[in-house]
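In: here are the coordinates; sequence isn't available:
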């Protein structure tokens, strides 16, 4: 069963429409990417799932039950625009936020100590939030999001504000949490992280869903049958040897090394292409170019009909 | 633990632990006690006896000016010029110069001093000389001084007001004290509503600016967040007020047993004018009450006012008035993005409150006028105005009506504020106008 099921969600505000007929399914113990340009409606959808706003139409199911206030304790939310009470002490504030998510005070204290030691921010327990650097504040924010062991974790741009080392720390925590049974809904513009982490994605543009599915399938779907061949030898000879098997689309030269991108002809197998160029040049690498999520995003959003 | 209780607890604790709260708690009673006690204490201080050298060219006053324990008059037989020359080497504090033509009226007597003389010395000399002149002039015109004196003394009286109840019982009242309590109560309510209402607004704005509000809303409903804050701050205000009352009473009790213990009534008579206690002291002397002292006099008057009812009403009007305004302050805080934008909204909201403060003066002069009646009933002004009216007595039905309307009032403003808060709290960057806020009233949840 899917941890979250959204059916035909619609939401409009007085000045504009935010969401039109959005449906998605998030499988348990997976990482789901919610993608889209700014203003697409992602934050609106996230707020609806968090029950901060209510949809005009549509239904939401959490773990099989209709989404209701009691599920608040099973969801953790890290908003994109995030912050803490500046003048409140770190430890006290973390306990407060944990209690609001249904934890008991003692339970919260124990779990928080564990996380704080793990993240090496133990020393900051009694400091006021405003005394901390941004990076440390972000760490604390992450901890209070996951502290109550929610079944569904919603992270909106979780890596923004982190240096590469801490970003890596967070990434590993996310994978760890998934292993321990959590499901993660993850909204971001950082396509690299999408490729690295997400099992499934949904792409939203101008309040509509324009793409969804597993990352692997989607990349395969957008494959344009282009192969990248690294070789040393004669460029001319290489191009001629392509014959009917493929067409040279692009190439770069780096000293003695050539990198060519070849569009495989329809009906041709990749092996045939390889056999064709093998006698002519010294091959260093031969691989299929699977489009990046970045490229897919741009392509799909710019498609006619999707960007009106 | 219930969510809203968690919020109330947090809002309360973070504020009462602040240094500013503790300082305010101490300063208030200290100031209050100071204002009441210090003047009385000062008047008790034995000041150095002033030695006055009298150069009387009219020869009317020699050896006649009454000595007091704070002032001595000497009449050396020297000229004015000589007196001035020897002044600085002498032990005299001042030279009193009386010109020879003083009986002609409109003349001036002069006091030359080394060190600035106190006002009471000046006043004493002025009034004593003038009284003596008065008697001399009467004698010159063959009017019997004693006849005049008797008439003066017998025509002096104090007005003592007593309230005649329907039951036939009468209770001595002190209008001055009523006025003091009325205005005091009104001012306190005005101050508290403003002070703590603004704290609500600031708290809401802090949550918006720091962006913690979105995290909070993923755990609690907007209405709970708003009410938790309003109630938490109400408790802070209540705590502050109760601490003030206890501390003031404690300070005053301590003072009455130490500093004010041996107060001499006559000395204090003038200084106690503010409390109109003088009248009561005379009254008590009239009724042969033993050892009248300032504290007992004030206390008796307090008892005549049914201080308990006033205290309970004060708590009600403080809380209900605060709730009415705090809701609106919360709404403003949620609608704006920064401090400067609050000005345009705060103005209209606080006008009724300021207005009630301004007309309190009028109400105090005439507590039963129709203006007093209407403004003690209308919810936006009733917290201040009703408090002003209370010491003078308010018919039960008027009080009940006022309280009922105030309750309806704060329920109404809370309802409106909740709608505004719910939308405004997540809205950033938009230029907010009254029209915009009006639209929010119709948004769905």
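Out: In hand now; what should we look at? Being a predicted model, the structure only gives us computed values, none of them experimental.

In: make it CA atoms for all contacts and neighbour counts henceforth
Out: OK.

In: who in chain B is up against chain A?
Out: Remark: the part of chain B in contact with chain A comprises B:3, B:6, B:10, B:14, B:206-207, B:210-212, B:214-221, B:445, using Cα under 8 Å from any Cα of the partner chain.

In: sitting in strands, which of the residues you listed do you find?
Out: With strands taken from DSSP state E, there is no overlap with those.

In: which among those end up buried?
Out: B:3, B:6, B:10, B:206-207, B:211-212, B:214-221 (16 or more other Cα atoms under 10 Å in any protein chain shown).

In: who are the contact partners of residue A:125?
Out: A:89, A:90, A:91, A:92 (Cα atoms under 8 Å, 6 or more residues apart in numbering or on different chains).

In: please redo it, this time with the cut-off set to 10 Å
Out: A:89, A:90, A:91, A:92, A:93, A:94, A:112, A:113, A:116 (Cα atoms under 10 Å, 6 or more residues apart in numbering or on different chains).

In: same question, residue B:217
Out: Applying Cα under 10 Å, 6+ apart, the residues contacting residue B:217 are A:47, A:50, A:51, A:52, A:53, A:77, B:223, B:224, B:225, B:422, B:425, B:426.

In: okay, and the last one sits in which element?
Out: Of the helices and strands defined by DSSP states H and E, none includes residue B:426.

In: got any ranges where the stretch 101-250 of chain B has weak pLDDT?
Out: B:158, B:161, B:163, B:165-174 (pLDDT under 70).

In: the strands in it, which residues?
Out: B:110-113, B:161-164, B:170-173 (DSSP state E, counting those that start in this stretch).

In: helix/strand/coil for residue B:89?
Out: Three-state call for residue B:89 (DSSP: H, G, I helix; E, B strand; the rest coil): coil.

In: burial measure for the residue of the stretch 201-308 of chain A found nearest chain B, as a count.
Out: Per Cα to the nearest Cα, residue A:207 is where the stretch 201-308 of chain A lies closest to chain B, at 19.1 Å. Counted with other Cα atoms under 10 Å in any protein chain shown, residues neighbouring residue A:207 total 23.

In: that one: what's it in contact with?
Out: Residue A:207 neighbours (Cα under 10 Å, 6+ apart): A:10-12, A:16-22, A:36, A:39-42, A:44-45.

In: can you pull the phi/psi pair for whichever residue of the stretch 101-250 of chain A sits closest to chain B?
Out: Nearest residue of the stretch 101-250 of chain A to chain B: residue A:101, at 5.9 Å (Cα to the nearest Cα). In terms of degrees, to the nearest 10, the main-chain angles of residue A:101 are phi -90, psi 10.

In: which SS class is the closest residue to it other than its chain neighbours?
Out: In this structure, residue A:101 finds its nearest non-sequential neighbour in residue A:73, 4.9 Å apart by Cα to Cα, 6 or more residues apart in numbering or on different chains. When classified by three-state DSSP, residue A:73 comes out as helix.

In: how near is residue A:73 to residue A:169?
Out: For residue A:73, the distance to residue A:169 equals 25 Å [Cα to Cα, to the nearest Å].

In: the two: who's more crowded?
Out: Looking at residue A:73 and residue A:169 with other Cα under 10 Å, you find the greater number of neighbours at residue A:73, namely 20 against 15.

In: just to check, the more buried one is in contact with residue A:148?
Out: Yes: between residue A:73 and residue A:148 a contact is recorded at 7.6 Å, counting by Cα atoms under 10 Å.

In: give me the common contacts of these two.
Out: In contact with both residue A:73 and residue A:148: A:98, A:99, A:100, A:101, A:102, A:103, using Cα under 10 Å, 6+ apart.

In: of all those, which comes closest to residue A:160?
Out: Set against residue A:160, the nearest of the shared contacts of residue A:73 and residue A:148 by Cα to Cα is residue A:98 (22.9 Å).

In: what helix or strand does that closest one sit in?
Out: Going by DSSP H and E, residue A:98 is part of helix A:90-100.

In: now the angle from the helix or strand just after that helix to helix A:90-100?
Out: Sequence order places helix A:105-118 as the next helix or strand after helix A:90-100, per DSSP H and E. Put simply, helix A:105-118 runs at 130 degrees to helix A:90-100, going by axes from the mean of the first three to the mean of the last three Cα atoms, to 10 degrees.

In: pull the longest strand from chain B.
Out: In terms of residue count, the longest strand belonging to chain B (DSSP E) is strand B:50-56.

In: so where do the helices sit in the stretch 251-400 of chain B?
Out: B:265-269, B:277-286, B:294-304, B:307-335, B:339-365, B:370-377, B:382-389, B:396-424 (DSSP state H, counting those that start in this stretch).

In: what do you get for chain A?
Out: For chain A, applying DSSP state H gives helices covering A:42-49, A:90-100, A:105-118, A:134-146, A:164-179, A:191-197, A:215-221, A:235-242, A:270-277, A:293-302.

In: what's the second one packed up against?
Out: With contacts defined as 3 or more Cα pairs under 10 Å, 6 or more residues apart in numbering or on different chains; DSSP states H and E, the packing partners of helix A:90-100 are helix A:105-118, helix A:134-146, helix B:3-16, helix B:212-217.

In: leaving out sequence neighbours, find the closest residue to the spatially most central residue of chain B.
Out: Chain B has residue B:184 as the residue nearest its centroid, 4.6 Å off, counting by Cα atoms, centre = their mean. Sequence neighbours aside, residue B:388 is the residue nearest to residue B:184 in space, at 7.9 Å (criterion: Cα to Cα, 6+ apart).

In: around that neighbour, how many other residues sit close by?
Out: 29.

In: could you do the one 4 residues further on as well?
Out: Per other Cα under 10 Å, the neighbour tally for residue B:392 reads 20.

In: that older thread, what sits against the residue nearest to the centre of chain B?
Out: B:178, B:190, B:387, B:388.

In: separation between the nearest residue to residue A:251 once chain neighbours are set aside and residue B:138?
Out: Setting aside the residues directly before and after it, residue A:251 is nearest to residue A:260 in space (Cα to Cα, 6+ apart), at 4.2 Å. Using Cα to Cα, one gets 131 Å for the distance from residue A:260 to residue B:138.

In: neighbour-wise, which of the two wins?
Out: residue A:260 (22 against 14).

In: and that one, what are its bridge partners?
Out: residue A:229, residue A:251 (DSSP bridges).

In: that one touches residue A:254, doesn't it?
Out: No: taking contacts as Cα under 10 Å, residue A:260 lies outside contact range of residue A:254: 11.3 Å.

In: thinking again about what came up before, switch the helices and strands packed on helix A:90-100 over to TSV; also include distance to residue A:213.
Out: Formatted as TSV, the helices and strands packed on helix A:90-100 follow (distance: least, Cα to Cα, whole Å):
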stretch	distance to residue A:213
helix A:105-118	34
helix A:134-146	26
helix B:3-16	39
helix B:212-217	29
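
In: any idea which of those helices gets closest to residue A:233?
Out: It's helix A:134-146; of the helices and strands packed on helix A:90-100, that one is closest to residue A:233 (Cα to Cα) at 49.8 Å.

In: just want the angle from that closest one to helix A:164-179.
Out: 10 degrees.

In: please see if helix A:134-146 touches chain B.
Out: Yes: Helix A:134-146 reaches chain B (Cα under 10 Å from any Cα of the partner chain) through A:141, A:144, A:145.

In: what about the residue nearest to residue B:441 when sequence neighbours are not counted, how many residues nearby?
Out: Nearest residue to residue B:441, sequence neighbours excluded (Cα to Cα, 6+ apart): residue B:419, at 5.5 Å. A count of nearby residues for residue B:419, using other Cα under 10 Å, gives 21.

In: list the contacts for residue B:419?
Out: B:222, B:223, B:331, B:437, B:438, B:440, B:441, B:442, B:443, B:444, B:445.
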